[in-house]
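Colleague: Whatever this is, show me its structure:
(2 chains)
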Amino acid sequence: MSAVTDTAPGTRAPQPSGGLSQSVTDSLVIAKRNLIRMARIPEMVIFGLIQPVMFVVLFSYVFGGSMSVGGSLDPATYREFLMAGIFAQTVTFATAGAGAGIADDMHKGLVDRFRSLPMARGAVLTGRTLADLVQTALTVVVLAVVGLLVGWRVHEGIPKALGAFALLLFLGYAFSWIGALIGLSVRTPEAATSGGLIWLFPVTFVSNAFVDPTMMASWIRPVAEWNPFSATVQACRELFGNPGVVQSDAWPMQHPVWASLIWSVLIIVVFRTLAVRKYRSAAV
Amino acid sequence: MPGAIYAEGLVKTFGDVKALDGVDLDVPEGTVLGLLGPNGAGKTTAVRVLTTLLRPDSGTAVVAGIDVLKHPNEVRRSIGLSGQFAAVDEYLTGRENLQMVGRLYQMSARDAKARAVELLERFHLADAADRTAKTYSGGMRRRLDLAAALVVSPPVMFMDEPTTGLDPRNRQQLWEVIQELVAGGTTLLLTTQYLEEADHLAHDICVIDRGRVIERGTSDQLKARTGGERIEVVVHDPEYLATADEVLRTFGKGASKTESHTRRITVPVTGGAKLLAEVIRELDIRGVEIDDIGLRRPTLDDVFISLTGHAAEVAEEEAEAAK
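Modeller: The predicted model follows:
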């Protein structure tokens, strides 16, 4: 303690902090840690895969025959229509994973350990959401294979299809920040899992994912059309060249790619801010 | 010049529970302070405030010469925290845990790697270095947790109930590690419910109850304040109780206390071993058969009970649960 003091008597002047490069490094250290965990708990990844695959099978072969898409009752048409919805639903389910993971870290005292370290403040959350993004990407790949098996096809070329996948992953990344906030707000990992899932059902069902909003009650239709989730589904159908693109005057349905990007950015900005603030709130 | 850990007037309220109600602490560099108190006394809250995890409602705190509230991140560079629940990632190996913590202390990847090897060796975890912490025993996990707190050899350490739930052998091992650390010049604040532990490890002891420091001093000072020595006799048969009590009252300096179901009589004395010899002789002359006799000095347990009015194990309302 030889440094000259410039604050309270007997206190030492601070050293400058690392800034952006420290944020990036710390986030990557945490992301690596979460990816190692995922590799060591493969059942988590496998359960994450089973659910969307099951949905594809259930919707295709149980509902498929009775659903009309653009006036066609052909089950094959419904399966092509369905995949964009299932893709989008799958990426949003990453929310629950992020929430449960962070709640678990809080519960086990790891968050206290991290908070007591001189690391970048948002890194624990950013690292978690990045690791979830990797898992989501893996799930999307498996789901695409299952989709191809049940007859889903890409009709507009590979670059546009890749664009659609990018939009999906971006949406999933945005939703994982909502999960992060939920994980920080509940008391147990169990609560984070259920709390991270229940609200996703209305969000994904009051949308164009499984049925055409024009068939819905008139009061709920605008909700479905302005749902951030619907914009991404609509964008994917356009970019994949799949049937069932919603014909509507609502702006997000007219410009779904832009709407999807804007919604995802907005969600990240709002929920990242709230989650990082929540993470810091208990700490100094 | 304040000590390595210094706090003045710390107050922290959770709802209507005052977890800290004006706590002052001063731990000179290179010494160990034992923060002693029942569950919910405010020990953990005090540690959380001093380690930047919790902002107090009022008060000041300075750790390693740095203002905790003004420069929390600078404080974090100078402290190590070992928690009540071993905060290691159970799906990471011991080595991976230590490397991660090193990286987050802003060490280079190479330094973090080298430091992990050193610490694993030092804490007898080298053989288990590449097993996930999930497979570790309770004692191994605590050692790993402690190693994680020591990655940067911080000048100031905080340990929140480091040995809670450990078996005696592991506790002994951890005590040795702690003593080594302190011998190396580390300043340590240790919370514990085990009076024996505070007695064994701490230079100074602060007894805290309901968010207030109710007594402070060295272990010997606290014992002296609670009262002096006493003689305790266990007679062989209840029929001797009356005679023994008569003898003890003659030699004692105060009221005797008889517990007939354990055939035990206690009386405060002054005069130590010499007096004890006289008592034994007198009892022998009177034909009192005894099973046990001894000169007892107050334990920290006695100190605790006399200060707080309840034993250390009694769980008070869980103020910390309110957070």
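
Colleague: ok, and the closest non-adjacent residue to the residue most central in space within chain B?
Modeller: For chain B, residue B:192 is the residue whose C-alpha lies nearest the centre (C-alpha atoms, centre = their mean; 3.2 Å). Spatially, and ignoring its direct neighbours in sequence, residue B:192 is nearest to residue B:198 (5.5 Å; C-beta to C-beta, 6 or more residues apart in numbering or on different chains). (C-beta placed from N, C-alpha, C; glycine too.)

Colleague: show me what contacts the one you found?
Modeller: B:34, B:36, B:190, B:192, B:205, B:219, B:300 (C-beta atoms under 8 Å, 6 or more residues apart in numbering or on different chains).

Colleague: In this structure residue B:10 contacts residue B:46, no?
Modeller: Yes - at 6.7 Å, residue B:10 counts as touching residue B:46 under the criterion of C-beta atoms under 8 Å.

Colleague: What's the local residue count around residue B:104?
Modeller: Neighbourhood size, residue B:104 [other C-beta atoms under 10 Å in any protein chain shown]: 27.

Colleague: typo on my end, residue A:250
Modeller: As a burial measure, residue A:250 scores 18 neighbours (other C-beta under 10 Å).

Colleague: do residue A:66 as well
Modeller: Neighbour count for residue A:66, taken as other C-beta under 10 Å: 9.

Colleague: so what's it scoring on pLDDT?
Modeller: Reported pLDDT at residue A:66 in the predicted model: 76.

Colleague: Which residue is the nearest non-sequential neighbour of it?
Modeller: In this structure, residue A:66 finds its nearest non-sequential neighbour in residue A:73, 7.7 Å apart by C-beta to C-beta, 6+ apart.

Colleague: The residue nearest to residue B:192: what secondary structure?
Modeller: helix (DSSP: H, G, I helix; E, B strand; the rest coil).

Colleague: Tell me which of residue B:10 and residue B:46 has more neighbours.
Modeller: The neighbour comparison of residue B:10 against residue B:46 (other C-beta under 10 Å) goes to residue B:46, with 30 against 24.

Colleague: who are the neighbours in contact with that one?
Modeller: B:7, B:10, B:20, B:23, B:25, B:35, B:191, B:208.

Colleague: and it, how far is that from chain A?
Modeller: According to C-beta to the nearest C-beta, to the nearest Å, residue B:46 stands 14 Å off from chain A.

Colleague: Can you name the helix or strand that residue B:22 falls in?
Modeller: Under the criterion of DSSP states H and E, residue B:22 resides in strand B:17-27.

Colleague: cool, residue A:135 as well?
Modeller: Secondary structure (DSSP H and E) places residue A:135 in helix A:123-149.

Colleague: mind checking how far that helix is from the chain centre?
Modeller: 9 Å (C-alpha atoms, centre = their mean, to the nearest Å).

Colleague: Mind checking the pLDDT average for that helix?
Modeller: Here the average pLDDT along helix A:123-149 is 93.

Colleague: State the next helix or strand along the chain beyond it.
Modeller: Once the chain leaves helix A:123-149, the next helix or strand it forms, by DSSP H and E, is helix A:158-185.

Colleague: Now do that following helix: which elements does it pack against?
Modeller: Here helix A:158-185 is seen to pack against helix A:75-92, helix A:94-107, helix A:123-149, helix A:189-198, helix A:228-240, helix A:256-281 when contacts are counted using 3 or more C-beta pairs under 8 Å, 6 or more residues apart in numbering or on different chains; DSSP states H and E.
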